[in-house]
Structures are given as C-alpha cells and as structure tokens.
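Chemist: Got a sequence here, can you model it:
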Amino acid sequence: MSALIKPEAYRQSLIASFDACPLRARFSIEDERRSPGPLAARGTLLHRAMHQAVREMQREGERKYPVEQGMELLTAVCAQMGPEVKSGEVVPIPMREMRWARVIMTKWCEYVDLDPSKIIGVERRLTAPIELLTGKTVDITGQMDLLLADPPDGVIVVDYKTGFRQPKQTRVGTDPVKAMQAEEEGSGLTELGWVQFLVYSYLCFQAFDWIQRVIFREVHVLRQEERQARMEALQMERLTDPLRDQVTLLDQAVEEGIASERWAPSAGQHCSLCPKPWRCPIMDMEQIELHTEEGRRRVAHEWIVAGRIRKEREEFIKGIADTYGPIEVVGAEGRRVVGWRSDKRNFGLYEPEEIPESPWDQALEEAGRQSGFVADDIPF
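Modeler: Numbers count the residues shown, from 1 in each chain. The predicted model follows:
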C-alpha cells in the first residue's frame with residue numbers, strides 16, 4: 001500500500017474536497033503543485049487584487065475602492081510581477097479570462113462598502129486542534145478572505161465567490177422568521193460554503209474566547225448578492241460533531257494510503273474542477289471488466305440510459321433556450337453555453353464569441369468617443 005505525505009494541518013480546502021469527493025481530495029494531496037485551470041487561475045488573481053485593495057482601504061481609512069483604481073490594481077496583479085509574487089505562485093491565465101476578471105473586479109469595486117475600523121484581518125489564517133473519534137488530535141487550518149468584528153461579541157467571515165454560478169434562492173420572502181431560520185441552517189450557502197462555514201466557525205471559536213457568534217458571509221461578486229449563515233457559541237456541539245466525523249474519515253484515509261477504500265469517487269458539480277478527471281474510475285473504461293458479460297452489459301446500459309436522457313431533454317432544453325436565450329454553464333475548460341449558435345441551425349454546447357465588457361471599459365470607451373478618439377485607439 002503506497003503511503004501519502006500527511007499534511008502538517010488539514011486545510012479547509014482539503015476538507016471541503018474530501019466532503020464533496022474523497023478521490024478528488026487524494027488527487028490534491030498527491031499533486032499540490034499542479035497548475036490551476038483557467039477558472040481557478042482567474043479566481044486566484046481576483047482574490048489577490050481584492051485582498052490588496054482591502055489592505056489599502058484599511059490603511060487609508062476608506063470604505064470604498066474606486067473602479068479606476070481597481071482596474072489599475074488588477075492590471076498589475078495579472079502581470080504577476082514584483083516581490084509580492086513568490087516563487088511557485090505564478091498562474092497561467094488566458095487573455096479571455098483576464099477580460100472576465102475586469103468585469104468581476106468592476107462589480108466588486110461597485111459593491112464593496114467596508115468599515116475599515118472593523119477589519120480584524122485580510123487573508124487571516126487560523127489553526128486549531130481537533131480531537132478525532134480515533135483518539136488522535138490533529139490540526140485543521142483555514143485562511144479567510146476577510147475577517148471583520150461584529151460588535152459587541154461576534155465576528156464576520158467574508159468569502160468572495162468569483163464564479164458564474166447563480167446564488168441559491170432560499171424563497172424566504174419577507175418573512176423574518178423564515179429568514180432567521182435560513183441563516184441558522186445556512187440553506188442559502190453553496191456546497192463549498194457550507195464546509196467553509198463549519199471550519200471557519202470552529203477556528204474562530206477556538207481562537208477568540210470573547211466571541212459568542214460567527215457569521216459566515218458568501219459574497220457572489222458577479223451577481224452582487226450575499227448569502228450567510230450564523231453559528232452561536234451555544235451550538236458548538238452541533239458544529240463540532242460533523243466536522244470531527246469528516247476529519248476522522250479523512251485522517252484514516254491518509255493513514256491507510258492511496259489504496260484505502262475511503263477514497264471513493266463521488267460525481268457532482270465539483271467534477272468540473274477535478275485536477276485529474278482522466279483518473280476517475282467513474283468514467284474510466286479500464287475499470288470496467290469488458291471481458292465479462294456483466295462488464296459489457298454495464299457499458300451498453302450506460303450508453304442506452306445516456307441516450308434516453310438526452311432525447312427526453314432535447315426538446316425541453318431547446319424550448320428553454322428559445323425563451324430565455326443560451327444557458328451558461330461552467331466547466332474546467334472555462335465558460336460555455338448550451339443553445340443555438342448564431343446561424344440558428346445548430347444546437348449544442350459551444351464557447352460563446354462575445355464577452356460582456358466591464359462597465360468601466362464601456363464608460364471609458366464613451367469618454368473616448370466624446371474626446372474624438374475611436375474605440376480602437378483606447379487601450380483596453
């Protein structure tokens with residue numbers, strides 16, 4: 001049984017990966033230096049820019065960050081030059097994703113409004129021990145985008161989401177009781193956000209003995225919407241039990257090595273971010289014993305079911321595209337849409353040709369026109 005190098009502390013991201021798909025977590029342990037895909041690279045650079053911007057706001061005592069200043073900062077960050085970019089931190093990013101980064105950074109600048117006096121830390125990393133069901137004690141760790149004081153006795157953990165995904169709709173309406181219940185249950189959080197909520201809450205309660213509550217806030221930057229969940233100090237058992245269970249499973253899997261049965265694959269939306277999808281046994285034909293009747297029957301069955309589902313959904317999905325336009329999806333290779341191509345004859349999954357301009361770029365272009373310049377003369 002091949003051994004795995006056990007981390008000094010289990011990172012929040014690793015715990016979240018294991019929660020979604022244990023096999024994906026094993027892949028990340030095996031290859032921590034892998035190059036991120038286009039979406040991950042864009043998110044990495046956007047977070048660097050946002051973190052630098054918040055530090056400047058804290059230093060200057062400002063609540064807002066001007067859009068033009070944000071564009072200058074993002075340009076410098078995307079160039080990945082200077083002493084602030086450490087060895088191994090350079091990420092490859094296509095120019096197409098750079099343009100999307102401009103759109104998202106503009107949205108962030110328009111949306112952000114912080115009280116600098118309440119900023120406890122930017123990229124604040126906390127580490128705390130947790131006792132496992134096996135009797136062992138291990139460390140877990142997490143780095144927060146932004147940690148804010150929430151007087152008189154609470155903190156707010158802010159996590160910026162820079163993807164395209166639409167935030168969950170909780171349907172609480174104007175009912176304050178349902179809104180409070182949704183916040184307590186975290187029903188509006190993403191799957192990743194739910195794990196972050198548990199880990200960050202645990203870390204904050206361990207680090208700050210004066211707090212009585214933790215609010216975890218997901219900020220969906222592109223949509224300019226927030227979702228949040230609340231954890232009270234009195235709910236520590238509710239918080240600790242599921243976290244301890246999952247970290248216990250993760251720790252046992254690491255101890256048992258790569259052949260452990262605990263590294264079971266699990267399909268879902270997270271598959272688009274898997275670092276090694278070609279090694280997944282769910283889709284690996286080599287894992288199917290084609291020389292047996294059962295193996296051949298399985299392949300035939302999957303082919304029939306897949307075709308049946310596609311046929312049943314085809315007219316339905318075409319109707320949706322006719323009514324609402326192309327449907328945006330996100331995969332490891334970047335942004336794609338399902339719908340009719342421009343010729344209106346071919347329907348399917350394709351890469352859209354147009355990217356919306358940053359509102360800042362549009363304003364700059366209009367200013368250029370008024371000044372007598374043509375659009376091609378404006379450098380963006």
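Chemist: Quick one: residues contacting residue 48.
Modeler: Residue 48 makes contact with residue 77, according to CB atoms under 8 Å, 6 or more residues apart in numbering. Glycine gets a C-beta too; all of them are placed from N, C-alpha and C.
Chemist: Helix or strand next in line after the helix or strand hosting it, which one?
Modeler: Assigned by DSSP states H and E, residue 48 falls within helix 38-60. Sequence-wise, the next helix or strand downstream of helix 38-60 (DSSP H and E) is helix 67-79.
Chemist: contacts for that following helix?
Modeler: Outside helix 67-79, the residues within contact range by CB under 8 Å, 6+ apart are 45-46, 48-49, 52-53, 82, 93, 98, 101-102, 105-106, 108-110, 358-360.
Chemist: Which positions in stretch 18-38 come out as buried?
Modeler: Neighbour-count burial for stretch 18-38, with 16 or more other CB atoms under 10 Å as criterion, is recorded at 18-29, 36-38.
Chemist: Tell me which two in those are the farthest apart.
Modeler: Looking at the buried residues of stretch 18-38 by CB to CB, the two members farthest from one another are 22 and 38, with 25.5 Å of separation.
Chemist: all helices of the stretch 151-300 of the chain, in order?
Modeler: 176-185, 191-207, 236-256, 293-324 (DSSP state H, counting those that start in this stretch).
Chemist: quick one, which of the ones you listed is nearest to residue 142?
Modeler: Nearest to residue 142 among the helices of the stretch 151-300 of the chain is helix 191-207 (5.1 Å), distances taken as CB to CB.
Chemist: Tell me the gap between the closest one and the middle of its chain.
Modeler: Distance of helix 191-207 from its chain centroid, counting by CA atoms, centre = their mean, to the nearest Å, is 15 Å.
Chemist: by contact count, what packs against it?
Modeler: Using 3 or more CB pairs under 8 Å, 6 or more residues apart in numbering; DSSP states H and E as the contact definition, the elements that helix 191-207 packs against are helix 12-20, strand 119-131, strand 137-150, strand 154-161, strand 213-220, strand 225-232, helix 236-256.
Chemist: Read off the pLDDT value for the residue nearest the centre of the chain.
Modeler: Centroid-nearest residue in the chain, with CA atoms, centre = their mean: residue 161, separated by 5.7 Å. Taken from the predicted model, the pLDDT recorded for residue 161 is 95.
Chemist: how about it, what does it touch?
Modeler: 190, 193, 218-221.
Chemist: State whether residue 115 and residue 64 are indeed in contact, as I suppose.
Modeler: No. Distance between residue 115 and residue 64: 11.2 Å, which falls outside the contact criterion (CB atoms under 8 Å).
Chemist: what about residue 199, neighbour count?
Modeler: Neighbour count of residue 199, defined by other CB atoms under 10 Å: 30.
Chemist: pLDDT score for the residue lying closest to it once chain neighbours are set aside?
Modeler: Taking CB to CB, 6 or more residues apart in numbering as the measure, residue 199 lies nearest to residue 12, with 4.5 Å between them; neighbours along the chain are not counted. In the prediction, the pLDDT value recorded for residue 12 is 97.
Chemist: same deal with residue 150?
Modeler: Confidence at residue 150, expressed as pLDDT, is 97.
Chemist: deepest of the helices of the stretch 151-300 of the chain, which one?
Modeler: Highest mean neighbour count among those (mean count of other CB atoms under 10 Å): helix 191-207, with a mean of 22.
Chemist: ok so, going back, how about a markdown table for the helices and strands packed on helix 191-207, with distance to residue 342 added?
Modeler: Listed next are the helices and strands packed on helix 191-207 as a markdown table, based on distance: least, CB to CB, whole Å:
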| stretch | distance to residue 342 |
| --- | --- |
| helix 12-20 | 36 |
| strand 119-131 | 43 |
| strand 137-150 | 39 |
| strand 154-161 | 31 |
| strand 213-220 | 29 |
| strand 225-232 | 31 |
| helix 236-256 | 47 |
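Chemist: For residue 197, find the nearest of the ones you listed.
Modeler: strand 213-220 (4.1 Å).
Chemist: And the contacts of that closest one?
Modeler: Contact with strand 213-220 is made by 111, 150, 153-161, 165, 167, 186, 188-190, 193, 196-197, 200-201, 204-205, 225-233, as judged by CB under 8 Å, 6+ apart.
Chemist: Just want the angle from it to strand 225-232.
Modeler: Using axes from the mean of the first three to the mean of the last three CA atoms, to 10 degrees, the direction of strand 213-220 lies 160 degrees away from that of strand 225-232.
Chemist: Which strands border strand 213-220, and is each parallel or antiparallel?
Modeler: When sheet partners are counted by DSSP bridges, strand 213-220 sits next to strand 154-161 (parallel), strand 225-232 (antiparallel).
Chemist: okay, now residue 116: neighbour count?
Modeler: Here the neighbour count serves as a burial measure; for residue 116 (other CB under 10 Å) it reads 14.
Chemist: Excluding chain neighbours, what is closest to it?
Modeler: Nearest non-adjacent residue to residue 116, counting by CB to CB, 6+ apart: residue 58, 4.7 Å away.
Chemist: if I look at residue 102, how far off is residue 276?
Modeler: Between residue 102 and residue 276 the distance is 31 Å, computed by CB to CB, to the nearest Å.
Chemist: and those two? which has more neighbours close in?
Modeler: A count of neighbours by other CB under 10 Å puts residue 102 above the other of residue 102 and residue 276, at 23 against 14.
Chemist: you'd agree the more buried one is in a helix?
Modeler: Yes. When DSSP: H, G, I helix; E, B strand; the rest coil is applied, residue 102 is found to be in a helix.
Chemist: Distance of it relative to residue 193?
Modeler: Counting by CB to CB, the gap from residue 102 to residue 193 is 25 Å.
Chemist: ditto for residue 227
Modeler: 7 Å.
Chemist: swap in residue 244?
Modeler: Relative to residue 193, residue 244 is positioned 20 Å away (criterion: CB to CB).
Chemist: before we move on, what about residue 24?
Modeler: When distances are taken as CB to CB, residue 24 and residue 193 turn out to be 17 Å apart.
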